[in-house]
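Asker: let me see the structure of the following:
(chains A, B, C, D, E and F)
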6 protein chains.
Amino acid sequence: MRIRIVNPVARGILNEGALPRLPEFIQAEIDWLPEGPTSIESRYDDAIAVPLILDRVRKAAQEGVDGVVINCFMDPGLQAARELVRIPVAGPAQSAMLLAAGLGQTFSVILPASSGTPIVVDQATVYGVRERLASVRSVGMPVAELVQADRLVAGLLEQAGLAVSEDGAHSIILGCTGMSHVTERVKSEFAATGFGAPVLDPTLAAIGALLGWRVLGVAHSEKAYESPEWRRPLS
Amino acid sequence: MRIRIVNPVARGILNEGALPRLPEFIQAEIDWLPEGPTSIESRYDDAIAVPLILDRVRKAAQEGVDGVVINCFMDPGLQAARELVRIPVAGPAQSAMLLAAGLGQTFSVILPASSGTPIVVDQATVYGVRERLASVRSVGMPVAELVQADRLVAGLLEQAGLAVSEDGAHSIILGCTGMSHVTERVKSEFAATGFGAPVLDPTLAAIGALLGWRVLGVAHSEKAYESPEWRRPLS
Amino acid sequence: MRIRIVNPVARGILNEGALPRLPEFIQAEIDWLPEGPTSIESRYDDAIAVPLILDRVRKAAQEGVDGVVINCFMDPGLQAARELVRIPVAGPAQSAMLLAAGLGQTFSVILPASSGTPIVVDQATVYGVRERLASVRSVGMPVAELVQADRLVAGLLEQAGLAVSEDGAHSIILGCTGMSHVTERVKSEFAATGFGAPVLDPTLAAIGALLGWRVLGVAHSEKAYESPEWRRPLS
Amino acid sequence: MRIRIVNPVARGILNEGALPRLPEFIQAEIDWLPEGPTSIESRYDDAIAVPLILDRVRKAAQEGVDGVVINCFMDPGLQAARELVRIPVAGPAQSAMLLAAGLGQTFSVILPASSGTPIVVDQATVYGVRERLASVRSVGMPVAELVQADRLVAGLLEQAGLAVSEDGAHSIILGCTGMSHVTERVKSEFAATGFGAPVLDPTLAAIGALLGWRVLGVAHSEKAYESPEWRRPLS
Amino acid sequence: MRIRIVNPVARGILNEGALPRLPEFIQAEIDWLPEGPTSIESRYDDAIAVPLILDRVRKAAQEGVDGVVINCFMDPGLQAARELVRIPVAGPAQSAMLLAAGLGQTFSVILPASSGTPIVVDQATVYGVRERLASVRSVGMPVAELVQADRLVAGLLEQAGLAVSEDGAHSIILGCTGMSHVTERVKSEFAATGFGAPVLDPTLAAIGALLGWRVLGVAHSEKAYESPEWRRPLS
Amino acid sequence: MRIRIVNPVARGILNEGALPRLPEFIQAEIDWLPEGPTSIESRYDDAIAVPLILDRVRKAAQEGVDGVVINCFMDPGLQAARELVRIPVAGPAQSAMLLAAGLGQTFSVILPASSGTPIVVDQATVYGVRERLASVRSVGMPVAELVQADRLVAGLLEQAGLAVSEDGAHSIILGCTGMSHVTERVKSEFAATGFGAPVLDPTLAAIGALLGWRVLGVAHSEKAYESPEWRRPLS
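Answerer: Numbering: from 1, shown residues only, chains lettered A, B, ... in the order given. Purely as a prediction, here's the structure:
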């Protein structure tokens, strides 16, 4: 299975090494925007990046890949992309939230900064799992600082512990794809605490969703995402 | 009060004459995108138009207007615009839905085409009034055909009647700002049927929301819409 | 626009000076119950006052005003009044809650005393915005003491700050029309704290709602509020 | 157990013979308003009757009864009465809805006239069982005509059948205490149809609720219904 | 009225003396599993016990009792039992939750151990009162230790107080039928604290539900609980 | 990846040939109950089978498989099994519903017989996706008749079409693992109708869920599913 991972930022902070280790039977290709923001941390950043993302998604479909991951936790352009192409398109936030909903009753999301909280609440609401969202927490680090691995791991472990003990979270979702470089470390260190809550990497969740769809031979519903071309030719 | 109405399409189908009559104490300025789609009928159209819309909203704020209406029922870029500027920004769909929620228990939205139904359901969900949405109906006309006033009025009256009698709607929302040229006619003809459900023009609802905010001296919450500039300088 | 503000108490504690400053293009007339409680602080108080309120609303309609505000945060008799007259009738709580729902995701209400908490929860539930209610807080002052402006302001600022920082409120609603005499002071002092959450005066919210309805040319839905006269002559 | 049944109307249409047969171990006393409407069919009727009802509830408590039923499906004054007295006070609608919620997933309410539909929806919402309400139907008869037993039974059987087959109702609630004179007949005839959905008399549901509370030795919560006397002496 | 109380455990810890005092007009017969777990503290315990419980329920119906209580707060086999027999079958958790929903807006459940929290949340969700559940708390005692009455009472009083003051509970539900031996003591001591929230014994709640159904002459809906025999003969 | 598929019935109607084609990189082992019902069509059937299922799940974990599917749409014993073992356990209904929630807004489930409707509604409620459930429909065939492939396909196509056109379904879930032998045929024939809604095989959905969990290296949460052994040794 050949998957195109569209990083919706210009190549910079998040280099290839920052992606999580992928299963061997998945052939992942990484794509970057030719220009664009170095990170997406607000609805404004999201809005500006989306037209560029949609171009990369269309290109991926034309090149015959089996599925696309829009690799940012804000799922920028996810629904528009699903109107544009019929190959499966998955987003890290939606995928992680629905996966978490199957592992227990509740999940918490840990963000870089608290300004994103209302955005995550909107996501959980639109994705239909608002009642499952135990809390949104943050490590208080702008995306540009997420490369500081030790500080990031310490913040994630602290907030994950509080999410479980204070907020009743059954699972923990890492709320930024820029955290993937520490996923394995957080998973093993958090497991050692005995809190008993799985830690979910959102990029892997999106890949897992594509894989699951593949097993069933399905893609997103045309009834939910009608093509704009059905209404008039696209410019 | 000086309001800027940003039409998120290139000047074309929807000319000035198509706007509803505004109250006299409101000074409304109409703006158009310099380029862009002739209509917004899908999430894809929305995504492509938003960066252009955000430019116009920023310009409006720089020019000192008291509030902005993004004049399309998809409320394109509404949340991003609210991050960008501190003057009030209102969207027709959100404004009409919250206004309708105060007139009765339920409302129905009548769209040009049924392909927009999932989009309206997402809006009602994010705006917190999903339970109030009795139904989404459509007149089966692409936006380009909405200039056919008689056909449009007939379709709206038929669907509004069904929304009340079949779906239990207490109010009717016209689900496209391109329907404004027939609002008055639909209102008076529907009132004559005795169905007893108000008919809401979405552009006027957005203007009414700005007016209400003005009475209270408030704008959208900075806690909900933090400025992206607080994180880093905008490019 | 000529609005009748029905104060659902006998003239006493709340004199004209306690009302918020109104926009100039609104002609507001203030009415008082000829007798009745000096304040409404329980469902019992509400129940006793309602028949008297309905008389004043009917009188207002007969005298040709353009809209009525029932000026108490319990919205006493709001729904019954809407059955009785076809001119617009607005309530401070419903108006403030729906307006707040458009400014951000969540709002908190600050009451005089905590005994009113379940009542506000019921209101938010019936008005369809229960999920938007971040919290109900109180300043621990009976209505009769609200004239102590300094103590009231201090209490409101403290609780508003906690509502934002602890409960995640995006907006603050003053939960008693008897707090209007300090609205301007609380707004400016709270803005100075940098919390970034708008403060809403409920009387102004009701006036704003009437104004918004006026812009659209609508009143409450007859489908939601059928006239009792349609069933039999009123005694 | 000594129960006072407060009929919130002046003695008239609904005479004693119209009450359902009560279990022998319950001593029921029937009270009427000295004046007031002959029926309660709107929120306006409800509002006018409530002060009179509260007087009768206070009197019942002073006379030492063990519990009170406010015998109208609109539950007029139920919450205010619970503030006023510490003996248990039950309402037919709340009791029937919560009882139905234990018999299956869904219930439908059959009203005299469709104008009451929004009121029942509000009740189900405030009582926390809105999701359980499959539908609200009506027999299209004003309360004054409910004495026409054959016509009423025919209408109830027809609507109950549709509620089950079309709306998915698991139980049927008779939505007016003025229907009690045909409860037994409707129950037996509907059972004979094989639809398999219980039919609930609302007056009996309120009595059953009082009985259940008695078994546990509880009354309504003081936290939910604080006495207005705790704030100031009642006039 | 003759009620069969099926204790879904082997006779052991919970002897007859541990049951709450029943009203005199109820003839209660206590049944025990011939074998089985000594307590039910997990979904696994529940699953193992259910086939044995269903045998006892069928036997009770064959012996002509008027109703059955499955006397464990996990309501083990409640829905399956209702498919199996047409005599009323009640469960302590469902009965207590629906009864509490009528006493105020919210309730808290106090469990032996926190491991049961997700189970109670599932119950409240399926029973349709999830929004009414203020919190789930626990005294941190395995069921086998609940016989230590003083420690149990102290734990319950502490958690009940926190449920009211911290979580906003209007009523308190004892979340294990093995707590019934201290119900009276907790009720009187908690009432003395002035918190004003009723304390509910779940076994009595189930008996109260059966009594209420008796008053109306109803049992669980056949539409909700179709007999498996209607599909094929049971083995 | 080595998956054990536990068919919770005795070998009979559903033979190996009836399973859907699995992806090649999955090594699936099929297990059957040594005894038990030939089908599970009611909560009673479910209850009787669960202890036998739990034995097979425990055995699977002891034999070192990587994950277990309990292969019945009622997900019998799913939550108890997750308490019992730490290897991933998936159920067809939960997996299909959460997968469908990612493909669009709504899904419909098509059952063999309508008696299962309340059970599916309970499942969607507990799994947190009740609002996504557009409808539950049935082909009116007992499980024993599902081997009649032509009749089954005709019924599924008819009901799937109605689910999309009448109920607004965006995806279709086959609501019985005994329908898997016609999944491919229904998928291709339904796709040819142009309805544009994916058709989901529930067994494959459970396998897809296990695969997704594998990509992330997670299993169900210990916080949601505490081991009963943590409380006392299992008998």
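
Asker: give me the phi and psi for A:W32.
Answerer: Dihedral pair for A:W32: phi -130, psi 150, per degrees, to the nearest 10.

Asker: that one is in contact with A:V9, isn't it?
Answerer: Yes: taking Cβ atoms under 8 Å as the definition, A:W32 is a contact partner of A:V9 at 7.1 Å. In this view, the C-beta of every residue, glycine as well, is placed from N, C-alpha and C.

Asker: more neighbours, these two?
Answerer: Neighbours were counted for A:W32 and for A:V9 using other Cβ atoms under 10 Å in any protein chain shown; A:V9 has more, 26 against 19.

Asker: is it fair to say the more buried one lies in a helix?
Answerer: No: per DSSP: H, G, I helix; E, B strand; the rest coil, A:V9 lies outside any helix segment and is strand.

Asker: give me the distance between it and chain C.
Answerer: Distance of A:V9 to chain C, given as Cβ to the nearest Cβ, to the nearest Å: 27 Å.

Asker: tell me the spacing between that residue and chain F.
Answerer: Counting by Cβ to the nearest Cβ, the gap from A:V9 to chain F is 23 Å.

Asker: show me what contacts that residue?
Answerer: Applying Cβ atoms under 8 Å, 6 or more residues apart in numbering or on different chains to A:V9 gives the contacts A:32-33, A:36-40, A:49, A:72.

Asker: so what pLDDT did the residue nearest to the spatial centre of chain A get?
Answerer: The residue lying closest to the centre of chain A (Cα atoms, centre = their mean) is A:P92, at 2.0 Å. For A:P92, the model assigns a pLDDT of 98.

Asker: same question for A:T38.
Answerer: The model reports A:T38 with a pLDDT of 83.

Asker: that one touches A:V147, doesn't it?
Answerer: No: taking contacts as Cβ under 8 Å, A:T38 lies outside contact range of A:V147: 11.9 Å.

Asker: which of the contacts of A:V9 has the most neighbours?
Answerer: Using other Cβ under 10 Å as the neighbour test, the contacts of A:V9 are led by A:C72, with 30 neighbours.

Asker: look up how far chain B lies from that residue.
Answerer: To chain B, A:C72 is 14 Å away according to Cβ to the nearest Cβ.

Asker: hmm, that residue is touching A:G175, no?
Answerer: No: taking contacts as Cβ under 8 Å, A:C72 lies outside contact range of A:G175: 10.8 Å.

Asker: so what's the closest residue to chain D within chain A up against?
Answerer: Closest residue of chain A to chain D, Cβ to the nearest Cβ: A:E131 (12.3 Å). Each residue near A:E131 by Cβ under 8 Å, 6+ apart is listed here: E:130, F:128.

Asker: is it fair to say it lies in a helix?
Answerer: Yes: counting by three-state DSSP, one finds A:E131 located in a helix.

Asker: what about the helices in chain A?
Answerer: A:43-62, A:78-84, A:92-103, A:117-126, A:149-167, A:183-192, A:202-216 (DSSP state H).

Asker: so can I have TSV of those helices showing distance to chain E?
Answerer: Formatted as TSV, these follow (distance: least, Cβ to the nearest Cβ, whole Å):
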stretch	distance to chain E
helix A:43-62	29
helix A:78-84	28
helix A:92-103	12
helix A:117-126	16
helix A:149-167	11
helix A:183-192	19
helix A:202-216	22
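
Asker: so which of those helices comes closest to E:R56?
Answerer: Closest approach to E:R56 among the helices of chain A is made by helix A:92-103 (34.6 Å; Cβ to Cβ).
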